[in-house]
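[1] sequence first, then the predicted structure, then my questions.
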Amino acid sequence: MSRESRIFKPSAEFKNQANLGSYATYRRLYLESVNAPDRFWGKQAKQFLAWRKPFSSVLKWKAPHAKWFTGGQLNVSENCLDRHLQTARANKAAIIFEGEPGDTRTITYAQLQREVCQFANVLESLGLRKGDRAAIYLPMVPEAAVAMLACARVGVIHTVIFGGFSAEAIKDRVNDCQAKLVITADGGWRRGKVVELKTNVDRALPHTPTVQHVVVLKRTGNAVVMTERRDRWWHDLMASAPITHKAKAHDSETPLFILYTSGSTGKPKGVLHTSAGYLLGTTMTSHYVFDLKDTDVYWCTADIGWITGHSYVVYGPLSCGATVLMYEGAPNQPEPDRFWSIIDKHGVTIFYTAPTAIRAFMRWGDDYVKKHSLASLRLLGSVGEPINPEAWMWYHTLIGKKRCPIVDTWWQTETGAIMVTPLPGAIPTTPGSCTLPFFGVVPKVLDEKGVEVPVNSGGKLFLTQPWPSMLRTLWNDDDRFKKQYWSEIPGLYFCGDGARKDKNGYLWVVGRIDDVLNVSGHRIGTAEVESALVSHPSVAEAAVVGRPDDLKGQALVVFVTLKSGMVASDALKEQLRAHVGKEIGSLAKPDDVRFAAGLPKTRSGKIMRRLLKELATSGDIKGDTTTLEDFSIITALKADEE
Ligand code: WTA
């Protein structure tokens with residue numbers, strides 16, 4: 001990647017219509033945002049958000065705790081819905097939905113607002129109040145957005161659990177945040193099959209004492225067991241719910257949602273985002289990065305179970321009054337051209353997806369793309385992992401027909417909104433680089449001592465100034481919050497990624513340098529998978545490492561030692577894979593299970609994953625083994641390799 005030198009400038013045509021169409025304007029606003037942040041953010045917050053009560057201060061910063069826009073009050077759902085109803089947007093499509101079986105629905109802003117009001121009334125009728133927690137475990141259907149926005153309206157803190165997670169994962173998350181309510185569906189469609197969501201919830205709920213109610217959406221029509229008094233059908237509750245709901249004004253720092261994400265221990269972290277700052281970050285980036293116009297049909301392919309689905313399917317684009325396309329299912333159902341056929345059918349103009357998806361499309365072959373015109377597209381985006389230049393060029397040529405700028409957006413669950421990205425009408429792009437910081441973001445690449453590394457040298461990526469959409473803490477674990485993000489160099493935010501800056505100041509993110517893997521754009525903690533493995537009766541010890549993978553970015557390779565008397569076999573490998581699937585979800589199933597007589601450790605007993613990673617990647621170990629306690633283990637591992 002360091003040899004990449006192709007530069008793509010935005011076309012005059014794109015610049016002329018862009019929400020921000022010149023580098024000079026970007027530069028001027030950027031400098032203001034970092035030199036006079038209070039003035040800058042104060043102005044933006046007034047311009048981009050609708051306030052019930054004006055804020056009295058922009059930022060109160062006592063590292064690592066930030067309070068943005070204190071004194072101010074607003075309602076996030078009102079910003080995403082009600083404020084558009086007084087405009088020509090009232091009868092414009094807010095959501096165009098396509099289910100995997102091909103069913104479609106268009107929901108206007110007025111209709112969406114009404115449904116959200118109804119569901120807000122449902123929440124209140126079930127006894128939920130501001131500050132309570134509700135878990136959402138739904139397929140990619142409009143009701144997922146309705147549930148999130150209704151929670152926001154009432155002040156209920158939602159935690160969305162990705163539909164691919166297992167009953168165990170539901171249990172852990174629900175218990176960690178003590179949710180009172182679970183909102184789910186009978187099932188969702190994925191590759192022509194029903195994913196039985198309600199059944200998973202039923203498996204989790206005997207172990208979640210705080211849950212009082214379950215609301216069940218009928219989507220797939222498969223039989224489900226309804227537990228009397230606890231479980232209620234969505235449609236029954238909605239049928240009797242009033243269609244108006246007066247939104248209360250909430251303080252700027254009112255918690256909006258908790259989203260669990262993998263970290264370097266076995267326990268997922270509950271990243272907490274609050275209202276005004278998060279909404280400002282997602283709204284502004286939607287406006288400037290996606291260049292949203294009222295005429296756009298905008299499609300972000302992320303599931304609402306991830307931060308990208310929160311920020312760029314729901315909150316950001318709806319706050320901008322955009323038309324959002326939502327698709328329920330798999331990209332290759334019924335054929336590998338489903339995405340392209342959706343783009344043509346609905347006239348999608350902006351398309352935002354992940355490099356792993358792009359690489360899958362490349363593998364499936366260009367013919368699937370060439371069957372479709374894709375003439376409506378004008379802007380492309382990428383997120384979730386570094387995009388390799390080859391995939392970037394394919395995206396640019398085959399999908400964008402060399403006409404659409406590509407925004408490679410770097411950010412995280414914790415940052416809430418896009419942090420480093422081209423602005424498509426202003427910043428020239430180069431394949432593989434996420435280019436320059438968004439307003440207010442100060443990324444620095446530092447060495448162990450906190451000194452900025454020279455141009456093109458690698459280091460750790462830090463953000464050195466607070467920003468409005470930053471996470472506020474980890475739910476119930478402020479100590480971990482401080483330790484995880486703010487202790488590497490006190491007072492600076494460490495994101496866990498490695499990066500370098502080139503001579504133009506463009507940022508090149510290399511990927512995670514902590515114990516987190518990025519598999520198909522999904523963060524998976526090695527410790528989480530290890531603890532799942534050791535919970536299997538046959539496993540004594542486990543170490544999980546990542547191996548570069550053409551399709552997934554990284555593949556999961558696990559080394560396990562067995563308890564005495566247990567015998568290694570292919571059947572046991574399969575059992576272990578299934579076990580991890582059950583404990584976490586199929587996204588965490590190891591690609592490769594290897595049995596070992598022992599694992600390489602330091603004298604203090606720490607597993608040397610670095611050596612295992614080398615072995616999994618290159619089939620050999622040449623790295624520094626001086627701290628290794630027992631060298632014979634390496635000899636044995638290498639022998640197994642052969
Ligand atoms: C990686 C997803 C390179 C990175 C929004 C980060 C990226 C992690 C990019 C966050 C990108 C995301 N280029 N790497 N454009 N976007 N990443 O929390 O390692 O699911 O730390 O948020 O994904 O993943 P998360």
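    Cool, got the structure.

[2] show me which residues of the stretch 501-642 of the chain are close to the ligand?
    Applying C-beta under 6 Å from any ligand atom, one finds that the stretch 501-642 of the chain approaches the ligand through 509, 511-512, 518, 523. In this view, the C-beta of every residue, glycine as well, is placed from N, C-alpha and C.

[3] these: which two are farthest apart?
    Val509 and Arg523 (13.9 Å; C-beta to C-beta).

[4] doesn't Gln554 fall inside a strand?
    Yes: membership of Gln554 in a strand is supported by DSSP: H, G, I helix; E, B strand; the rest coil.

[5] in terms of helices and strands, where is the residue lying closest to Thr208 once chain neighbours are set aside?
    Nearest non-adjacent residue to Thr208, counting by C-beta to C-beta, 6 or more residues apart in numbering: Val174, 4.5 Å away. Element membership of Val174, judged by DSSP states H and E, is helix 167-177.

[6] packing partners for that helix?
    strand 133-137, strand 157-160, helix 197-204, strand 255-261, strand 269-274, helix 570-583 (3 or more C-beta pairs under 8 Å, 6 or more residues apart in numbering; DSSP states H and E).

[7] now the angle between helix 167-177 and the helix or strand following that helix, please.
    Sequence order places strand 181-185 as the next helix or strand after helix 167-177, per DSSP H and E. Here the directions of strand 181-185 and helix 167-177 differ by 150 degrees (axes from the mean of the first three to the mean of the last three C-alpha atoms, to 10 degrees).

[8] so strand 181-185 versus helix 197-204, what angle?
    In terms of direction (the same axes, to 10 degrees), strand 181-185 departs from helix 197-204 by 140 degrees.

[9] mind listing what the residue in the stretch 501-642 of the chain that the ligand sits nearest to touches?
    Taking C-beta to the nearest ligand atom, the ligand has its nearest neighbour within the stretch 501-642 of the chain at Val509, 3.8 Å off. When contacts are counted by C-beta atoms under 8 Å, 6 or more residues apart in numbering, Val509 touches 386, 410, 420, 434, 461, 497-499.

[10] surely it forms part of a helix?
    No: applying three-state DSSP, one finds Val509 to be strand, outside a helix.

[11] model confidence score at the closest residue to it other than its chain neighbours, please.
    Nearest non-adjacent residue to Val509, counting by C-beta to C-beta, 6+ apart: Ala499, 4.7 Å away. In this prediction, Ala499 carries a pLDDT score of 96.

[12] just checking, Ala499 touches Leu446?
    No: judged on C-beta atoms under 8 Å, Ala499 makes no contact with Leu446 at a distance of 9.9 Å.

[13] the more surrounded of those two?
    It is Ala499, of Ala499 and Leu446, that has more neighbours when counted by other C-beta atoms under 10 Å, with 26 against 19.

[14] does that one sit in a helix, a strand or a coil?
    With three-state DSSP as the criterion, Ala499 reads strand.

[15] likewise for the one 5 residues further on?
    Three-state secondary structure (criterion: three-state DSSP) places Asn504 in coil.

[16] how about the residues of this protein by the ligand?
    261, 306-308, 383-386, 408-413, 434, 495-497, 509, 511-512, 518, 523.

[17] one more pass at 5 Å, please.
    307, 383-386, 408, 410-413, 434, 497, 509, 512, 523 (C-beta under 5 Å from any ligand atom).

[18] returning to what we had before: save the helices and strands packed on helix 167-177 as a markdown table, and put in mean neighbour count too.
    Shown next, in a markdown table, are the helices and strands packed on helix 167-177 (neighbours: other C-beta atoms under 10 Å):
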| stretch | mean neighbour count |
| --- | --- |
| strand 133-137 | 25 |
| strand 157-160 | 25 |
| helix 197-204 | 22 |
| strand 255-261 | 25 |
| strand 269-274 | 25 |
| helix 570-583 | 17 |
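
[19] excluding chain neighbours, what is closest to Glu414?
    Distances taken as C-beta to C-beta, 6+ apart place Leu471 nearest to Glu414, at 4.4 Å, with adjacent residues excluded.

[20] would you confirm that Ala568 contacts Thr561?
    No: Ala568 is beyond contact range of Thr561, at 9.8 Å (criterion: C-beta under 8 Å).

[21] overlap of the contact sets of those two?
    Common neighbours of Ala568 and Thr561 (C-beta under 8 Å, 6+ apart) are Phe595.

[22] higher neighbour count, the two?
    Thr561 (19 against 16).

[23] how confident is the prediction for the residue in the stretch 101-250 of the chain that the ligand sits nearest to, by pLDDT?
    Nearest residue of the stretch 101-250 of the chain to the ligand (C-beta to the nearest ligand atom) works out as Phe162 at 10.6 Å. According to the prediction, Phe162 has pLDDT 96.

[24] quick one, what contacts it?
    Each residue near Phe162 by C-beta under 8 Å, 6+ apart is listed here: 303, 305-306, 585, 587.

[25] now the residue of the stretch 151-300 of the chain found nearest the ligand: how far from Gly305?
    Across the stretch 151-300 of the chain, the shortest distance to the ligand (C-beta to the nearest ligand atom) belongs to Thr261, at 5.4 Å. In this view, Thr261 and Gly305 are 11 Å apart by C-beta to C-beta, to the nearest Å.

[26] with Arg523 instead?
    Separation of Arg523 from Gly305 (C-beta to C-beta): 12 Å.

[27] Lys62 now?
    33 Å.

[28] show me which of the two is the more surrounded one.
    Just comparing Lys62 and Gly305: by other C-beta under 10 Å the higher neighbour count belongs to Gly305, 24 against 7.

[29] from the ligand, how far out is the more buried one?
    Plainly put, Gly305 is 10 Å away from the ligand if you go by C-beta to the nearest ligand atom, to the nearest Å.

[30] that residue and Gly164 touch, don't they?
    Yes: using C-beta under 8 Å, Gly305 is in contact with Gly164, at 7.3 Å.

[31] wait, what's in contact with the closest residue to Leu112 other than its chain neighbours?
    Of all residues beyond its chain neighbours, the one nearest Leu112 is Ala94 (4.5 Å), with distances taken as C-beta to C-beta, 6+ apart. By C-beta under 8 Å, 6+ apart, the residues touching Ala94 are 81, 84, 107-109, 111-112, 318, 323-324.

[32] okay, now the residue nearest to Ser586 when sequence neighbours are not counted: neighbour count?
    When the adjacent residues along the chain are set aside, Ser586 lies closest to Gly164, with 6.2 Å between them (C-beta to C-beta, 6+ apart). Counted with other C-beta under 10 Å, the neighbours of Gly164 add up to 18.

[33] any chance of the backbone angles for Gly164?
    phi -90, psi -10 (degrees, to the nearest 10).

[34] equivalent analysis for Asp251, please.
    Taking degrees, to the nearest 10, you get phi -60, psi 150 for the backbone angles of Asp251.

[35] how about the contacts made by it?
    Contacts were defined as C-beta under 8 Å, 6+ apart; by that measure Asp251 touches 70, 72-73, 275.

[36] contacts only, for the residue nearest to Val509.
    By C-beta under 8 Å, 6+ apart, the contact set of Ala499 is 443, 445, 458-461, 507-510.
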